[in-house]
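What would the 3D arrangement of this be:
(one chain, ligands or ions: 1)
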Amino acid sequence: MTDGNDQSARPVAINGRKGEAVIEVKNLVNRFGDQTVHEDLDLTVKRGEIIGVVGGSGTGKTVLMRSILSLQHFASGEISIFGKPVTGLAEGEELEVRRQFGVLFQNGALFSTLTVAENVQVPLREFFHMQQDLMDEIAAYKLGLTGLGPEAAPKYPSELSGGMRKRAALARALALDPRLLFLDEPTAGLDPVGAAAFDNLILDLKESLGLTVFLITHDLDTLYAICDRVAVLADKKVLAAAPIKELLEIDHPWIQEYFHGPRGRAALAGADANQQMA
Ligand SMILES: Nc1ncnc2c1ncn2[C@@H]1O[C@H](COP(=O)(O)OP(=O)(O)OP(=O)(O)O)[C@@H](O)[C@H]1O
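Numbers count the residues shown, from 1 in each chain. Take a look at the predicted model:
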């Protein structure tokens, strides 16, 4: 496996040393009946990075994320977050680990019968007993972080645009001040302008809050715009996890087709043009 960056010389980030492993997956095996999705899959996610996770449809990106989040039983292997195994923890320890990550599920997954503010408060209610006015203040602050104003708070998800719903879901993912953010196809369904704005928001939040981000995406523009490294799932494994420019050199049919096909070339040209303008 290619692991293309030595971050040891980089500055120390909030909450620890940049480059230190935050997620470690070793020899992961996932099976559904006689279908093997992952076979001895390894992946390390380093503190302070945005790692993009790509792969063809059905290669197991979401199953990998769900395994890391302990939302899914895996057949064998080891997964640790912040140095703690995700399985076999005592209840208190498990809650402590869970408090440190936020998740934006595919399609946002907001509760349709709750207002936006109530959605953001769901994780707060789960972990704390707080006065309602304090929860309202926190919800307003988190919504503000994602670019939503106070007028969004009392609305129901059905009253928001797709882009606003994503922002509200992101605000909920940030509710507990996580150190680690999981995003499953955050820009899916957004128009290109909305998708680029969402990419910038993720990058800004990562930098201002010192987040580590695990990002599943099919969006090549997102990979070029914000990812420090990209992990490619193919052949039931992480074939490579490296900065995108290094991946371009790898001689594997899926990588070649994905990055060097028409969309891949267009995304690269767009990224180069953005760099020249910057
Ligand atoms: N609960 C389940 N029961 C049976 N099979 C499952 C289950 N969850 C996932 N799978 C199978 O595991 C494989 C990987 O699914 P997964 O959703 O992780 O793919 P993905 O890479 O995220 O795909 P996409 O890019 O299309 O979202 C698929 O073949 C899927 O059908």
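
only C-alpha atoms for contact and neighbour calcs from this point on.
Will do.

Tell me the secondary structure at residue 197.
Classification of residue 197 by DSSP: H, G, I helix; E, B strand; the rest coil places it in helix.

Domains in the protein, by residue range?
Per the record, the chain has its domains at 1-100+178-185+199-278, 101-177, by automatic domain parsing.

how much space between the closest residue to residue 221 other than its chain neighbours and residue 224?
Leaving out its chain neighbours, the residue that sits closest to residue 221 by Cα to Cα, 6 or more residues apart in numbering is residue 267, at 5.3 Å. Applying Cα to Cα, to the nearest Å, the value for residue 267 to residue 224 is 7 Å.

can you check residue 95 too?
34 Å.

who has more neighbours, the two?
Using other Cα atoms under 10 Å, the more surrounded residue of residue 95 and residue 224 is residue 224, with 21 against 12.

Can the host helix or strand of that one be said to contact the ligand?
Using DSSP states H and E, the element containing residue 224 is helix 220-226. No: applying Cα under 6 Å from any ligand atom, one finds helix 220-226 separated from the ligand by no less than 13.3 Å.

buried residues in stretch 244-258?
Neighbour counts over stretch 244-258 (16 or more other Cα atoms under 10 Å) mark 244, 247-248, 254-255, 258 as buried.

quick check, nearest of the residues you listed to residue 35?
residue 254 (20.5 Å; Cα to Cα).

Pull out the buried positions in stretch 157-173.
By neighbour count with 16+ other Cα under 10 Å, stretch 157-173 contains the buried residues 157, 162-173.

OK, contacts around residue 195?
187-188 (Cα atoms under 8 Å, 6 or more residues apart in numbering).

sorry, back to before: can you list the buried residues of stretch 157-173 in JSON lines and add distance to residue 185?
Compiled in JSON lines, the buried residues of stretch 157-173 are given as follows (distance: Cα to Cα, whole Å):
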{"residue": "157", "distance to residue 185": "19"}
{"residue": "162", "distance to residue 185": "13"}
{"residue": "163", "distance to residue 185": "13"}
{"residue": "164", "distance to residue 185": "15"}
{"residue": "165", "distance to residue 185": "14"}
{"residue": "166", "distance to residue 185": "10"}
{"residue": "167", "distance to residue 185": "13"}
{"residue": "168", "distance to residue 185": "15"}
{"residue": "169", "distance to residue 185": "12"}
{"residue": "170", "distance to residue 185": "12"}
{"residue": "171", "distance to residue 185": "16"}
{"residue": "172", "distance to residue 185": "16"}
{"residue": "173", "distance to residue 185": "14"}
